[in-house]
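> Whatever this is, show me its structure:
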Amino acid sequence: MKIAFCGKGGVGKSTIAALLCKALLDTGYEVLAIDADPSPHLGRLLGFSETEGLTPLSEMRELLAERAQKQGPYYTLNPRIEDLPERFMLTRDGLRLMVLGAIREAGGGCACPEQTVLRRLLSFLILQAREAVVVDMEAGVEHFGRSTVVPMDFILVVTQPYRGSLETTRQILRLARDLNLEKVVVVGNAVRGPEDERYLASFLGVEPVLSFPEDPEILRAEREGRSLLELESPSLERARELLEYLRRHGT
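Below is the predicted model of the structure:
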């Protein structure tokens with residue numbers, strides 16, 4: 001099972017990705033979690049600390065430039081990345097974590113040699129994994145234009161019931177259709193009741209497969225710096241329901 005999370009920044013996709021990792025672990029899956037967001041938070045939410053090596057690969061510019069064989073404007077499109085998981089993977093109790101990050105330059109996206117290394121490593125990790133894979137993608141829609149997420153079994157677009165989030169979600173759904181991507185579904189977050197549910201469905205033209213409530217336990221855990229793997233809350237129960245949906249509708 002290979003699942004990618006995307007959506008507008010700040011909608012809670014990292015939080016829901018972490019909760020799904022817990023639901024998978026509780027069900028007996030081994031899990032590979034990949035943080036491919038330019039502002040990675042997934043490792044912290046999963047209980048890994050800075051002292052355990054959470055530095056994103058995207059910040060290791062010298063290593064990435066060396067792997068890209070960067071010489072002036074020239075670089076390889078087939079960089080060597082096979083040894084990087086062994087060097088930088090974090091492991092704990094059936095959970096493996098790889099913090100890639102993503103390189104962003106002022107004024108827009110980045111098609112630089114270093115990013116080429118990260119994208120190839122992401123594809124390598126997804127295609128080689130034998131456990132369940134949960135990928136926290138960068139916010140927005142850029143990765144769809146690069147077709148980064150094509151190997152995934154499900155693409156979960158996390159959205160909240162406000163216009164900015166929903167406009168990004170609508171863009172993602174349109175691009176997914178243009179790329180003929182299947183099993184792209186909407187997951188609501190911070191949904192307060194039926195009125196919010198109706199607003200989501202009316203704006204998008206599709207209903208979320210499931211929505212997460214506003215959850216004070218999540219907020220409290222965030223403020224206290226606690227791992228969401230320690231959490232018991234209504235949101236965790238929703239994550240278990242989401243997992244059951246994915247299992248029922250998977251190939």
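> Would you list the phi and psi of Leu210?
Leu210 adopts backbone torsions of phi -170, psi 150, taken as degrees, to the nearest 10.
> Just give me the neighbour total for it.
20 (other Cβ atoms under 10 Å). Quick note: C-beta positions are derived from backbone N, CA and C, even for glycine.
> wait, what's in contact with it?
Applying Cβ atoms under 8 Å, 6 or more residues apart in numbering to Leu210 gives the contacts Val187, Gly188, Arg238, Glu241, Leu242, Tyr245.
> you'd agree Asp196 is up against Thr159?
No: counting by Cβ atoms under 8 Å, Asp196 sits too far from Thr159 to count as a contact (10.7 Å).
> Provide a list of residues in contact with Lys22.
Applying Cβ under 8 Å, 6+ apart, the residues near Lys22 are Leu228, Leu229, Leu231, Leu236, Ala239.
> any idea of the mean pLDDT in the top strand by length along the chain?
Taking DSSP state E as the criterion, the chain has its longest strand at strand 184-191. The average of the pLDDT scores along strand 184-191 is 95.
> coming back round to it: neighbour count winner among Asp196 and Thr159?
Each of Asp196 and Thr159 has its neighbours counted (other Cβ under 10 Å); Thr159 has more, 30 against 19.
> Local confidence estimate at Ser147?
Note for Ser147: predicted pLDDT of 63.
> likewise Ala111?
Confidence score, pLDDT, at Ala111: 53.
> Give me the neighbour count for Arg248.
As a burial measure, Arg248 scores 7 neighbours (other Cβ under 10 Å).
> Would you check how far apart it and Leu156 are?
Arg248 sits 15 Å away from Leu156, taking Cβ to Cβ, to the nearest Å as the criterion.
> again, but for Leu121
Relative to Leu156, Leu121 is positioned 22 Å away (Cβ to Cβ).
> quick one: contacts for Ile218?
Thr15, Leu228, Leu231, Ser233, Ser235.
> again with Leu90
Residues near Leu90 by Cβ under 8 Å, 6+ apart: Gly43, Phe48, Glu52, Gly53, Leu54, Arg96, Leu97, Met98, Val99.
> Apart from its chain neighbours, what residue comes closest to it?
With sequence-adjacent residues excluded and distances taken as Cβ to Cβ, 6 or more residues apart in numbering, Leu90 is closest to Leu97, at 4.4 Å.
> Tell me the spacing between Gln71 and Gly164.
Gln71 sits 42 Å away from Gly164, going by Cβ to Cβ.
> Compare neighbour counts for those two and give me the winner.
Higher neighbour count among Gln71 and Gly164: Gly164, with 13 against 10, using other Cβ under 10 Å.
> was I right about the more buried one contacting Gly10?
No: counting by Cβ under 8 Å, Gly164 does not reach Gly10; the two are 9.2 Å apart.
> Pull the residues that contact stretch 185-198.
So stretch 185-198 is contacted by 11-13, 15-16, 154-161, 169, 173, 200, 204, 206-214, 242 (Cβ under 8 Å, 6+ apart).
> Among these, name the ones in strands.
Using DSSP E, those in strands are Phe154, Ile155, Leu156, Val157, Val158, Thr159, Leu210, Ser211, Phe212, Pro213.
> Contacts only, for Leu32.
The contact partners of Leu32, by Cβ under 8 Å, 6+ apart, come to Arg96, Leu97, Met98, Leu125, Ala129, Glu131, Ala132, Val133, Val134.
> now with 7 Å?
Counting by Cβ atoms under 7 Å, 6 or more residues apart in numbering, Leu32 touches Arg96, Leu125, Ala129, Glu131, Val133.
> Appreciated, that's everything.
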